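Undergrad: fold the following and give me the result.
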Amino acid sequence: MEMDMSFMNISMSPPPPKKSRLSFKQHPFGLPEPILYYLKKNANPKLLLKLMQVSKYFCFKEFPYFVVKDLKYEKTKWIYCKPKYNFNYQILDLSNLKKPLWITNGINCYTEDVSLVSSLLSKVIVCDIVNLRLEDQIISLNEFKFLISSGNVKPFTFCYSRVEYESGEIVSVDEIMKLLPNVTGFRWLLDSSMMSTFTSKTVQNLLNYINPSIVKTFCLMNIPETFDFNLFATFIDKNLSIDYELDFDILISREYSNILQKYVDKKIKTSAKKYFLLKMYFPHQSEKSIKSLKNIYKFNSQKRNEM
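TA: Model prediction:
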């Protein structure tokens, strides 16, 4: 949901001189002038925004924050588009930024500089994003919480990225899902450090935090053998409305591959009776099952779009 920024065009004089006094009717909320002035100077951005919308007293000649809708990092530079504009991107020079950033929709970052987003966040005062996609980034848990502070992140994608506690310990996938109560699309291409965090307990916790009434798509890639697939398979069978994509690590054992193959064969066999959306890729997978799953997915996807 886009923010209404029309109030930013309001021109407002500076606070009245000390000798000048507002009339009683001019006092918003009936508060004394010193308190009003303190609020204007010290309110956090979201509160100040609300105050601006209530009373012209709290407005500025020039809005104190630089509002952008979307931020993308492409090649060697950040580019942005303003609210109400979707495709008119401009270069953002962070080194010469004169106002703190207020991001209203999304952040999309592709770079091998693992600390790039961390350096960006030092320039951001409000993050209201609903769309988050990071590639090759390492961020702290506090930084991640700031990124998702709107509570409304829906499409979520991490590619070879991870979140760390202040101690340097990695935050597991289930703990991240727990922090995304409104996510509709969850996609994570795991790096080797993230793969090492998986246990049966991780999967159990993860399933507790996936809300089938909200989540529409769920994708994990580079899944390790420590992932309790039988537990996850039970969840799939009970929650057929979710579009699943599971891609397993090339180093999983033959025994683990056999478990996956048996499940896939069973799903294919019952596909005429039970609707499901499932993509699965793993070593030693039979060519026949690969082709069958693709055809079933294509058919059910079309069926879903027609609903």
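Undergrad: do a quick rundown of the helices in the chain.
TA: 33-42, 45-54, 116-121, 141-147, 173-178, 192-195, 200-209, 229-238, 254-269, 287-306 (DSSP state H).
Undergrad: who does the longest one touch, helix- and strand-wise?
TA: Under the contact criterion of 3 or more C-beta pairs under 8 Å, 6 or more residues apart in numbering; DSSP states H and E, the helices and strands touching helix 287-306 comprise helix 254-269, strand 277-281. C-beta: built from backbone N, CA, C; applies to glycine.
Undergrad: swap the cut-off to 10 Å and go again
TA: When contacts are defined as 3 or more C-beta pairs under 10 Å, 6 or more residues apart in numbering; DSSP states H and E, helix 287-306 packs onto strand 243-248, helix 254-269, strand 277-281.
Undergrad: show me how far it is from its chain's centre.
TA: 28 Å (C-alpha atoms, centre = their mean, to the nearest Å).
Undergrad: for it, give the mean pLDDT please.
TA: Mean pLDDT, helix 287-306: 92.
Undergrad: which among the helices of the chain is found nearest to Asn131?
TA: With respect to Asn131, and counting by C-beta to C-beta, the nearest of the helices of the chain is helix 141-147 at 10.9 Å.
Undergrad: dump stretch 154-173 to PDB, restricted to CA.
TA: Below are the C-alpha coordinates for stretch 154-173, written out as PDB (Å, rounded to 0.1, in the frame of the first residue of the first chain):
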ATOM      1  CA  LYS A 154       5.200 -10.300   1.400                       C
ATOM      2  CA  PRO A 155       7.600 -11.400  -1.400                       C
ATOM      3  CA  PHE A 156      10.800 -12.500   0.400                       C
ATOM      4  CA  THR A 157      13.900 -13.700  -1.500                       C
ATOM      5  CA  PHE A 158      17.400 -14.500  -0.200                       C
ATOM      6  CA  CYS A 159      20.000 -15.800  -2.600                       C
ATOM      7  CA  TYR A 160      23.300 -16.900  -0.900                       C
ATOM      8  CA  SER A 161      22.400 -14.400   1.900                       C
ATOM      9  CA  ARG A 162      22.100 -14.800   5.600                       C
ATOM     10  CA  VAL A 163      21.400 -13.100   8.900                       C
ATOM     11  CA  GLU A 164      23.700 -13.200  11.900                       C
ATOM     12  CA  TYR A 165      23.400 -12.600  15.600                       C
ATOM     13  CA  GLU A 166      25.800 -10.100  17.100                       C
ATOM     14  CA  SER A 167      27.900 -13.100  18.200                       C
ATOM     15  CA  GLY A 168      28.300 -14.100  14.500                       C
ATOM     16  CA  GLU A 169      26.100 -17.200  14.900                       C
ATOM     17  CA  ILE A 170      23.800 -17.700  12.000                       C
ATOM     18  CA  VAL A 171      20.000 -17.100  12.400                       C
ATOM     19  CA  SER A 172      18.300 -20.300  11.200                       C
ATOM     20  CA  VAL A 173      15.500 -20.300   8.500                       C
END
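Undergrad: tell me the buried residues in that stretch?
TA: For stretch 154-173, the neighbour count (16 or more other C-beta atoms under 10 Å) marks 154-164, 170-173 as buried.
Undergrad: now swap in stretch 94-111 and tell me
TA: Quick answer for stretch 94-111 (16+ other C-beta under 10 Å): 101-109, 111.
Undergrad: quick one: end-to-end distance for it.
TA: 16 Å (C-alpha to C-alpha, to the nearest Å).
Undergrad: how far off centre is that stretch?
TA: The answer for stretch 94-111 is 15 Å, by C-alpha atoms, centre = their mean.
Undergrad: and that stretch, what's its mean pLDDT?
TA: So the average pLDDT for stretch 94-111 ends up being 90.
Undergrad: can you put the helices of the chain in JSON lines and add distance to Glu135?
TA: JSON lines is the format used below for these (distance: least, C-beta to C-beta, whole Å):
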{"stretch": "helix 33-42", "distance to Glu135": "38"}
{"stretch": "helix 45-54", "distance to Glu135": "28"}
{"stretch": "helix 116-121", "distance to Glu135": "10"}
{"stretch": "helix 141-147", "distance to Glu135": "14"}
{"stretch": "helix 173-178", "distance to Glu135": "16"}
{"stretch": "helix 192-195", "distance to Glu135": "13"}
{"stretch": "helix 200-209", "distance to Glu135": "22"}
{"stretch": "helix 229-238", "distance to Glu135": "25"}
{"stretch": "helix 254-269", "distance to Glu135": "27"}
{"stretch": "helix 287-306", "distance to Glu135": "25"}
